[in-house]
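Q: below is the structure, and that's it, no one-letter string:
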């Protein structure tokens, strides 16, 4: 029943405590009885949905009990939480025999680039529709992986985003996550973090040339020396 904006703003916690003046302005208004009825209905609806979500989460966890080991294994992948691991297993299972290769699984899920070519010319790289539920879960995991620090998947994201844009980079990371999951489930292996410098190590000869070229594009004169690189403006 409290409507005083000053009293309400004083209930703020955490960083909102630094914004009490703005909160007071935002909370100022005229709350009528019909507003209270509508707000109460909305709160009741939110509480009901929270209870439904909690019940479904519990049921999912119960049904995934036989696959606890597989869930924990996939949970090791950067960006993949237990809910994403459960989503992957619920859609593809633990038996990878229906998918001859990781590429087949990625194409089925809708995170593999298209291959529309004519006379040797690439016309489109648009992904197929695939399994929508699995694709959504993988894209969410890819976004989390892209924000991680010092990981192979975040390096993959930055590498592709710089050339192809954010959306294609996210799909590429989702594609990589599913390929990793495929081999972990098929071979029973654990996730191995390759590190953010994986691509530099992989292309140890090309990396210096790429960095030198970038420096030259920025207006630097670069002198190459054995074991070291020096740059002078």
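A: That came through fine. It should be emphasised that the depicted structure is a prediction, and the values quoted were computed from it without experimental measurement. Residues are numbered from 1 along each chain as shown.

Q: and the strands in this structure, which stretches?
A: The residue ranges that make up the strands of the chain, judged by DSSP state E, are 116-118, 121-124, 221-224, 229-232.

Q: worst mean pLDDT among the ones you listed?
A: Ranked by mean pLDDT, the strands of the chain end with strand 116-118 in last place, scoring a mean of 43.

Q: need the helices for this protein, in chain order.
A: 5-9, 20-27, 33-63, 68-74, 82-92, 102-109, 132-146, 152-164, 166-187, 198-202, 206-217 (DSSP state H).

Q: residues making contact with the fifth one?
A: Right, helix 82-92. The list of residues contacting helix 82-92 from outside it, by C-beta atoms under 8 Å, 6 or more residues apart in numbering, reads 60-61, 64, 67, 70-75, 80, 99, 105, 109, 131, 133-134, 137-138, 140-141, 178, 181, 185. All C-beta atoms are positioned from the backbone trio N, CA, C, and that covers glycine.

Q: and of the helices of the chain, who's closest to residue 225?
A: In this view, the helices of the chain are compared for proximity to residue 225 by C-beta to C-beta, and helix 206-217 is the closest at 11.0 Å.

Q: residue farthest from the centroid of the chain?
A: The outermost residue of the chain, judged against the average C-alpha position, is residue 33 (43.6 Å), by C-alpha atoms, centre = their mean.

Q: that one and residue 41, how far apart?
A: According to C-beta to C-beta, to the nearest Å, residue 33 stands 13 Å off from residue 41.

Q: one more: residue 194?
A: Per C-beta to C-beta, residue 194 is found 52 Å from residue 41.

Q: and these two? Which one has more around it.
A: For residue 194 against residue 41, the residue with the higher neighbour count under other C-beta atoms under 10 Å is residue 194, and the figures read 15 against 10.

Q: does that one really touch residue 152, like I thought?
A: Yes: taking C-beta atoms under 8 Å as the contact criterion, residue 194 and residue 152 are neighbours in contact, 3.9 Å apart.

Q: ok so, going back, can you flag the buried ones in the contacts of helix 82-92?
A: Burial by neighbour count, judged by 16 or more other C-beta atoms under 10 Å, picks out 64, 67, 70-71, 73-74, 80, 99, 105, 109, 131, 134, 137-138, 140-141, 178, 181, 185 from the contacts of helix 82-92.

Q: tally of neighbours for residue 184?
A: The burial metric for residue 184, expressed as a neighbour count using other C-beta under 10 Å, is 19.

Q: now it: how far from residue 73?
A: 6 Å.
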